[in-house]
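Trainee: Provided below are the primary sequence and the corresponding predicted coordinates.
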Amino acid sequence: MKTIALYGLQMLVGLIALAAGYAKLTGVGFMTEPFAMIGLGNTFLMIAGTIEILAGLCLLFPRSGVVGAVLLVTVVVGTAGASLGTAISHRGDATQMTVSHTFRTAVQNDASVLPAVVIKKSQGWDI
């Protein structure tokens, strides 16, 4: 019974990875916005989506589950590393917070995306 539950959980994660990879490859707004905000282009988005689909397919089959898990971990670590690197490189820009050029371009091209609110340090919080 325990093995069946683990295989079921593995297949569920595989289906989620397939859905996320498909959303990245088709350019769904909520998937492309974070990549644009970080400054990663469509190339990284397509690579991540393809690897996620491969990982999802591997996770659907019990024998290739380890390969799927390794592929999924590489996507997560790569995206986390890119996010962390962007946060560290923009750490001293607290007074000059601006929306990146790629995000502004994405917002102009996609009418369903709302522009980000930029709060400068000098404005403070009005609570």
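Mentor: Yep, it's here. The model shown is predicted, which means the values in this text are computed figures rather than measured ones.

Trainee: mind checking the SS state of the nearest residue to residue 16 once chain neighbours are set aside?
Mentor: Closest residue to residue 16 apart from its sequence neighbours, by C-beta to C-beta, 6 or more residues apart in numbering: residue 56 at 7.5 Å. For the C-beta atoms, the positions are set from N, CA and C on the backbone; glycine is no exception. When classified by DSSP: H, G, I helix; E, B strand; the rest coil, residue 56 comes out as helix.

Trainee: against residue 85, how distant is residue 56?
Mentor: 26 Å (C-beta to C-beta, to the nearest Å).

Trainee: who has more neighbours, the two?
Mentor: Neighbour count, other C-beta atoms under 10 Å: between residue 56 and residue 85, residue 56 has more, with 23 against 12.

Trainee: just checking, that one touches residue 15?
Mentor: Yes. Assessed by C-beta atoms under 8 Å, residue 56 is found in contact with residue 15 at 6.8 Å.

Trainee: returning to that earlier point: how near is the residue nearest to residue 16 to residue 41?
Mentor: Using C-beta to C-beta, residue 56 is found at 23 Å from residue 41.

Trainee: kindly report the same for residue 48.
Mentor: Distance of residue 48 to residue 41, given as C-beta to C-beta: 11 Å.

Trainee: who has more neighbours, these two?
Mentor: Counted by other C-beta under 10 Å, residue 48 and residue 41 do not tie: residue 48 has more neighbours, with 23 against 11.

Trainee: assign that one to helix, strand or coil.
Mentor: Per three-state DSSP, residue 48 ends up helix.

Trainee: pLDDT at it, what is it?
Mentor: Among the per-residue scores, residue 48 shows a pLDDT of 89.

Trainee: look up the closest residue to it, ignoring the ones flanking it.
Mentor: residue 75 (5.3 Å).
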